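**Student:** model this:
(chains A, B, C and D)
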There are 2 protein chains.
Amino acid sequence: MSVTESIASTTGLTGKDRYTISEVAALTGLTAHTLRWYERIGLLPQVDRSHTGQRRFTEQDLGWLTFVGKLRLTGMPVADMVRYAELVRQGDHTRDDRRELLEATRRDVLTRITELQDTLAVLDIKISHYGTACGGTPS
Amino acid sequence: MSVTESIASTTGLTGKDRYTISEVAALTGLTAHTLRWYERIGLLPQVDRSHTGQRRFTEQDLGWLTFVGKLRLTGMPVADMVRYAELVRQGDHTRDDRRELLEATRRDVLTRITELQDTLAVLDIKISHYGTACGGTPS
DNA sequence: TAAAACGTTTGAGTGCACTCGAAGCAAGTA
DNA sequence: TACTTGCTTCGAGTGCACTCAAACGTTTTA
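**Tutor:** Numbers count the residues shown, from 1 in each chain, chains lettered A, B, ... in the order given. Below you'll find the predicted structure:
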């Protein structure tokens, strides 16, 4: 979604409606290899093809990839993301499952934020020890 | 450090000063295999041995493992943790390097927290869409 | 038209962080 | 004494998420 928006906002247009694999690689930071792999495992829906069989990504695909990128940052396993993608493909009757999956993910993210803040506190303590000339062993 | 402290606070003693590998496994959640592997790669300092050659972990070791656990949560590669452990072993003249390493890690952690909060916002938007009966495709 | 740049597929390889198995020794228990 | 449990080492295996190679087809530029 945000990639789509940024294209729209920086070009003043809706943007092209078809992107080659190398364009998408440049936009997302993923490699072409990874994009093909994502499609193969079902993390990307069936990508449109040109008349010669080359991939042509839509803005929807870009939006989905941006979201997947965020999920990846949470440490969600690819298999779970594939599961979510499958639910989306299966249509409207999976809405409850999807919401639940997202809520579980949300809880995980909150936990991870807490863990990281905890770690941050430990790091600050250690760094402050180094800052002063206290000479303690950092264990 | 916190493991040591919690032992001290729950037993009212300083705690034993030597722990078997299975005790440490139970305390840290790591497997005995992993603990041996940590020592082998230099992530743990040389662990003391009993007269029969069995490992006897000290409270210092426990504290170090707790810290390593925190670093692991940040996604720091094991190789970097080994590097830090080496600096500690090399003594006081590596203090500056160590502080710098910790400060770089601190910056990484802050970045990751920001990323996660960003992801949280996206999740909240999506969840709110599911919460209301808006029927939009989540892409 | 020729060359380069980019695309396709399948299947195999890589790097990380464990994780396990096998073979064997040592201490404690019935 | 026999059994159980736990320890040792070494090297191989696992699961994840890519990552690459090979062989070939297509599109664009000079």
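
**Student:** show the pLDDT at the most centrally placed residue in chain A.
**Tutor:** What sits nearest the mean C-alpha location of chain A, by C-alpha atoms, centre = their mean, is A:Gly69, with 1.2 Å. Looking at A:Gly69, its pLDDT is 94.

**Student:** now do A:Ser9
**Tutor:** 37.

**Student:** for A:Met1, same thing?
**Tutor:** 39.

**Student:** which intervals of chain A have sub-threshold pLDDT?
**Tutor:** In the predicted model, chain A carries pLDDT under 70 at residues A:1-16, A:132-139.

**Student:** what about A:Tyr19, neighbour count?
**Tutor:** 22 (other C-beta atoms under 10 Å in any protein chain shown). Heads up, the C-betas are built off the backbone N, CA and C, glycines and all.

**Student:** right, is the longest helix seen in chain A up against chain B?
**Tutor:** In chain A, taking DSSP state H as the definition, the longest helix is helix A:95-131. Yes. Against chain B, helix A:95-131 shows contacts by C-beta under 8 Å from any C-beta of the partner chain at A:95, A:98-99, A:102-103, A:105-106, A:109-110, A:112-113, A:115-120, A:122-124, A:126-127, A:130-131.

**Student:** buried residues, that helix. List them.
**Tutor:** For helix A:95-131, a neighbour-count test (16 or more other C-beta atoms under 10 Å in any protein chain shown) marks A:95, A:98-99, A:101-102, A:105-106, A:109, A:112-113, A:115-116, A:119-120, A:122-123, A:126-127, A:129-130 as buried.

**Student:** quick one: the helices in chain A?
**Tutor:** With DSSP H, the ranges of helices along chain A come out as A:2-11, A:21-28, A:32-41, A:59-73, A:78-90, A:95-131.

**Student:** what packs against the longest helix of chain A?
**Tutor:** When contacts are defined as 3 or more C-beta pairs under 8 Å, 6 or more residues apart in numbering or on different chains; DSSP states H and E, helix A:95-131 packs onto helix A:78-90, helix B:59-73, helix B:95-131.

**Student:** report the inter-axis angle for it versus helix B:59-73.
**Tutor:** For helix A:95-131 against helix B:59-73, the angle by axes from the mean of the first three to the mean of the last three C-alpha atoms, to 10 degrees is 130 degrees.

**Student:** between helix A:78-90 and helix A:95-131, find me the angle.
**Tutor:** 150 degrees.

**Student:** so what's the gap between helix A:95-131 and the chain middle?
**Tutor:** Relative to its chain's centre, helix A:95-131 lies at 17 Å (C-alpha atoms, centre = their mean, to the nearest Å).

**Student:** pipe the helices of chain A into CSV and attach distance to B:Tyr19 per row.
**Tutor:** Output for the helices of chain A, formatted as CSV (distance: least, C-beta to C-beta, whole Å):
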stretch, distance to B:Tyr19
helix A:2-11, 49
helix A:21-28, 47
helix A:32-41, 43
helix A:59-73, 36
helix A:78-90, 36
helix A:95-131, 22
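
**Student:** of all the ones you listed, which one is nearest DNA strand C?
**Tutor:** Taking C-beta to the nearest atom of the strand, helix A:21-28 is the member of the helices of chain A nearest to DNA strand C, at 3.3 Å.

**Student:** would you mark the buried spots in the closest one?
**Tutor:** Under 16+ other C-beta under 10 Å, the buried positions of helix A:21-28 are A:21, A:24-25, A:27-28.

**Student:** one more: stretch A:41-59?
**Tutor:** Buried residues in stretch A:41-59, defined by neighbour count with 16+ other C-beta under 10 Å: A:43-45, A:47, A:55-59.

**Student:** hmm, who's touching it?
**Tutor:** A:4, A:7, A:14-15, A:17-21, A:23-24, A:35-36, A:38-39, A:61, A:64-65, A:68, A:78, A:81-82, A:85-86, A:88-89 (C-beta atoms under 8 Å, 6 or more residues apart in numbering or on different chains).

**Student:** out of these, which touch chain B?
**Tutor:** A:64, A:88.

**Student:** which of the contacts of stretch A:41-59 count as buried?
**Tutor:** A:4, A:7, A:15, A:19, A:21, A:24, A:35, A:38-39, A:61, A:64-65, A:68, A:81-82, A:85, A:88.

**Student:** go back to these and keep what's next to DNA strand C.
**Tutor:** A:Ile21 (C-beta under 7 Å from any atom of the strand).
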